[in-house]
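Visitor: sequence isn't available, so here's the structure alone:
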C-alpha cells in the first residue's frame, strides 16, 4: 500500500479502509511515512473529514501503536475524566482523589499547559517536591494503595499520537473532530479504564467556541468511545469565564484544596460533584447518578477526599503539608490589581484573555519547550454578576518579573466586561451526551 | 509571518495575500519552511483552490525565486510552446526548428518523461551524441546563431518549483489547477519569452480526462499568463489515442524528421502547422494566423525547418546524419506485433495504455531516477479508422529485454478497440482559448 495512494483517496473524499488507516498509523509509528506525507494526509482529513468507522479505526490503530497500562490483578473499577481544555479548570486535581475516596480507581494520565489553557501536570507540580514522572511499577503500586494517580504519559502510550500531534501543531491541522477524538480517546483507552467521563468545554475560552461545535465534538467522542468498547459519556460545560476564582498553577492547587475541604466557589464545587457522580455511575460503583452525587458530596464534606489527595501527594514525593498550610505553595512576590473601568455590574470575564494574561505572566507556554512559573497567575476578585464601582479591583495579577506586567495588564483589562444592566447568569453545565 | 498562520488561512478557505504567498515561496526556496508545512499548505490549496490573483502572485513569486534567461541584445521575438503532456507528442521537436525557420527565436526549456507520458529531452537525446545540458552562455550563443535551442532547465530557473514539484509528486498534491498553472508558467516566464502557446491535452491519455477539465485548465493558464504580462493562448487538443504513429524516444525522433520533411501522418503535421502558426502570430512575426499557417507550411515544404533542426543537432553535439539516415538512430533488436482481436474497424487506441506499454518496454520512467532506453517503443500500424481482420497487426512493440514483453503486450492488447461499426473521427483540435 503506497502512502501517496492513501493520501489521494482521502483527498478525493473517499473513506479509508481499516487497512489503509492501520498502514498510516504504522507508518507514523515506525517512521516509514515521512513527515510531509503525514501532514498532507492530516490536512486532507481536516478538510474531507472521516466517517464514524474511520474515526474508530484511527483511534484503535493509535491505541495499538503502543502498549496499555497493566492493571491486571487490581480490583478496579477504573475510571477517568478528560477535559478538552479551559482556563482555571482544576477539576482533575479534585476528581482523582474524590472518586478514589468513593471506591473507584483513577489511573489518570494528563497533559501540560499549552497556549492559553492550563495543564494538570503543571498545576500538580506546583506542590514542592511532587513528581508526575512515574514509572509503570510505581503507577500500579500507587493505584493499588491509594486508588488514584496523576502522571505524565509514558513513552509507550500511543506513540503515534505523539508524532502526529507534534506535526498537527505546526501544520494547521489541529481543528479536526476525527483527529481530536482519536488523539484523546487513544490515550484514554490505553490507560485500560472501564469508563470515561468527558468535559467538553464550549465558549470563548475553549477550543470549541459555540455550544453547537462542542456538542458535535461531544457526540463524536461518545460515539467513537462506545464503538471502541469504552463506556463513555460527556458533559458540555461553559468556558466563557474562568472556572472558579484562581488561574495559574499554585493558585489553582490552593483552590482545589479548598474544594476538597468542602469549601471554595460554589459553581466549581457543583461541577466537581457532577463530574464525580458521572464517574461513579459510569464505573458502576453506583448506577444511580443522584445517589452518586450524594456520595461525592459526602466524600468532600467528610475529609475523605482530602485525605486521598494528601496520600497522593506523599506517594508522588510532594510535601503534604501544603494541604494545611497554603503558605508552603510557591507564591509570586508581587500583585497588581486590575480595576473596573466604570460603575456597573461585571457581566463577563473573557476566559481566553484571562488565560493569555496568565501566560504573559509566565504560568503557561506558547511553545512546548518553555518552562512554567508555578507561582504566578490571576485571581478573580469580582466574578461575573458582582456589582462594582469604577476603580474597584476585578482581577489581581500575581507576578514575578516587572517586564511581564504590561502585556498581562493589557490582556486582563480587555477581559473585563462591565455593563449597567446585569445579564442573567447562564448555567455552567450546558448539556450532556450519554 | 508564521507558516502555520498562512496554512490555517488557506485551510479555512481564505484567499492568501501577495505577501503571504511570497513568504511561502521564499520559505520553499531558502529552506526555511520544512517539507511538512509545505505539503500541508499544498494539500489545503488542492482542496480550497486559489483565486486568479493568488495564482498570479504564486506564479510571479516562483519566477522571482530564481533567475531569468538573459536574452538581452538578441533581436527576438522570443516564443515558446508547452504541452500538458501526452503519448506520442513529438511536436516540440518539430516546432522549435520550424518557428526558428519562420524568423522566431525559441528558447525552449523542456522536461523529461514521467509516468505514461514522454519527455522532449529524452526524445532528443535519442540522437547519438546530443546533449540537452547547456550552460547559459551556450544557450544564448545557439539561440543567436540558429534561433532555437531545446535544453533542460538550469538550476537557477524557478528553484521553488523544483522543490515544490518533488513534494507534490509524493503527497498527492499534483491535481490542482492553480499549482499546475504556476508550475508551468513560472518556468516559461523565466525563459524571458514574449509569447507562449499552450497545447492543453484532453482525453484518456492526458492528465485532464475531459474536454471540460482541459478547458478549465486552459482558461486558468491563459488568464494567469496574461495577468503576469505574458501574451498567452491555448489550444485544447485530443489525447484519446497516441499522437502520430510513433511512441518512444528514437521512434518519435524519426517521425518528427518525417514531419520536418513535409511528410509523416497528416493529423500530426496539421497540428504542428497550427501550433507553429499560433506561435508565429503571438510572436507578432505575422499577426494573421492564416498567413502564418502558410508560412509554417512552406518552411516544412522547403526544407528550411529541417535545416534548422540539423543545425540544432550539430550545435548540441549530436550526429546530424540521423536526419538523412534513420538507421543511425538507436533501434530495438526485436519487434512483436499485437493483433486485432476480431474483424472490424479500429475505433480506438487507448493512449494511456499505449503509454504504459511503452514505459513497460523501458522507454519511460515510473520514478524520476530511472534511466530510459531510447531505442524501444510502440508503433501504430493500424490507426483508428482502419478496417482490420482478426489477427491483423495493430501495434508493433520494439523491445530489447524479453522480460519486459509480457507486461507491455498486456497493456498493448488492452489498448486496442475494434468494433463492427466505425465511429466518426473526432477532430484533433477541440477548441482554443485566446
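Guide: In hand now; what should we look at? Note that the structure is a prediction, hence the values are computed from the model and not measured.

Visitor: please identify which helix or strand holds residue A:25.
Guide: Per DSSP states H and E: residue A:25 is located in helix A:18-30.

Visitor: what's the mean pLDDT across the very next helix or strand once past that helix?
Guide: On the C-terminal side of helix A:18-30, the nearest following helix or strand under DSSP H and E is helix A:35-48. For helix A:35-48, mean pLDDT rounds to 98.

Visitor: what's the answer for stretch A:124-137, then?
Guide: Stretch A:124-137 carries an average pLDDT of 96.

Visitor: now the end-to-end length of that stretch.
Guide: One end of stretch A:124-137 sits 20 Å from the other (CA to CA, to the nearest Å).

Visitor: mind listing what's buried in it?
Guide: Of the residues in stretch A:124-137, A:124-128, A:130, A:132, A:134 count as buried by neighbour count, 16 or more other CB atoms under 10 Å in any protein chain shown. For glycine as for every other residue, the C-beta is placed from the backbone atoms N, C-alpha and C.

Visitor: who's in contact with that stretch?
Guide: For stretch A:124-137, contacts defined as CB atoms under 8 Å, 6 or more residues apart in numbering or on different chains pick out A:69-70, A:93, A:110, A:121, A:142, A:149-152, A:154, A:249-250, A:252-253, A:313, A:316-319, A:322, A:328-330, A:374-375.

Visitor: re the thing from before, run through who's touching the helix holding residue A:25.
Guide: By CB under 8 Å, 6+ apart, helix A:18-30 touches A:1, A:3, A:6, A:9, A:16, A:32-33, A:37-38, A:41, A:53-54, A:57-58, A:61-62, A:64-66, A:159-160, A:163-164.

Visitor: and stretch A:366-376, which residues are buried?
Guide: Going by 16+ other CB under 10 Å, stretch A:366-376 has these buried residues: A:372-376.

Visitor: and what of stretch A:39-55?
Guide: Neighbour-count burial for stretch A:39-55 flags A:39-48, A:50, A:54-55 (criterion: 16+ other CB under 10 Å).

Visitor: nearest to residue B:186, of the buried residues of stretch A:366-376?
Guide: Nearest to residue B:186 out of these is residue A:372 (CB to CB; 46.1 Å).

Visitor: nearest residue to the closest one other than its sequence neighbours?
Guide: Once flanking residues are discounted, residue A:372 sits nearest to residue A:122: 5.1 Å by CB to CB, 6 or more residues apart in numbering or on different chains.

Visitor: same question, residue A:28
Guide: Closest to residue A:28 by CB to CB, 6+ apart is residue A:160, at 4.6 Å.

Visitor: what sits against the one you found?
Guide: A:25, A:28-29, A:61-62, A:65-66, A:186.

Visitor: neighbour count and pLDDT added to those, as CSV?
Guide: Shown next, in CSV, are the contacts of residue A:160 (neighbours: other CB atoms under 10 Å in any protein chain shown; pLDDT from 0 to 100):
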residue, neighbour count, pLDDT
A:25, 28, 98
A:28, 25, 97
A:29, 21, 97
A:61, 22, 98
A:62, 27, 97
A:65, 24, 96
A:66, 20, 95
A:186, 25, 96
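
Visitor: switch those residues over to a markdown table; also include distance to residue B:280.
Guide: As requested, the contacts of residue A:160 are exported to a markdown table (distance: CB to CB, whole Å):
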| residue | distance to residue B:280 |
| --- | --- |
| A:25 | 57 |
| A:28 | 55 |
| A:29 | 59 |
| A:61 | 60 |
| A:62 | 61 |
| A:65 | 62 |
| A:66 | 66 |
| A:186 | 64 |
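
Visitor: out of those residues, which comes closest to residue B:228?
Guide: Nearest to residue B:228 out of the contacts of residue A:160 is residue A:28 (CB to CB; 39.8 Å).

Visitor: pLDDT wise, what is residue A:368 at?
Guide: pLDDT for residue A:368: 72.

Visitor: could you measure it against residue A:161, distance?
Guide: Residue A:368 sits 14 Å away from residue A:161 when distances are taken as CB to CB, to the nearest Å.

Visitor: can you give me phi and psi for the closest residue to residue A:185 other than its chain neighbours?
Guide: Leaving out its chain neighbours, the residue that sits closest to residue A:185 by CB to CB, 6+ apart is residue A:59, at 4.8 Å. Torsion angles at residue A:59 (phi, psi; degrees, to the nearest 10) stand at phi -60, psi -50.

Visitor: quick one: residues contacting residue A:59.
Guide: Counted by CB under 8 Å, 6+ apart, residue A:59 has contacts A:181-182, A:185-186, A:189, A:224, A:228.

Visitor: PyMOL command for the buried members of those residues?
Guide: A single PyMOL command suffices to select whichever of the contacts of residue A:59 are buried according to 16+ other CB under 10 Å:
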select buried, chain A and resi 181+182+185+186+189+224+228
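
Visitor: chain B contacts on chain A?
Guide: By CB under 8 Å from any CB of the partner chain, the part of chain A that sits against chain B consists of A:3-5, A:7-8, A:11, A:34-40, A:42-44, A:46-48, A:167, A:169-173.

Visitor: what's the burial count for the closest residue in space to residue A:33 that isn't next to it in sequence?
Guide: Leaving out its chain neighbours, the residue that sits closest to residue A:33 by CB to CB, 6+ apart is residue A:27, at 3.0 Å. Neighbour count for residue A:27, taken as other CB atoms under 10 Å in any protein chain shown: 19.

Visitor: and chain A, what are its domain boundaries?
Guide: A:3-49, A:79-323, A:330-419 (automatic domain parsing).

Visitor: need those in TSV (columns: distance to residue B:428).
Guide: Compiled in TSV, the domains of chain A are given as follows (distance: least, CB to CB, whole Å):
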stretch	distance to residue B:428
domain A:3-49	30
domain A:79-323	44
domain A:330-419	59
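
Visitor: just checking, residue A:273 touches residue A:293?
Guide: Yes: taking contacts as CB atoms under 8 Å, residue A:273 lies within contact range of residue A:293: 5.7 Å.

Visitor: middle-most residue in chain A, spatially?
Guide: With distances taken as CA atoms, centre = their mean, residue A:83 lies nearest the centre of chain A, 3.8 Å away.
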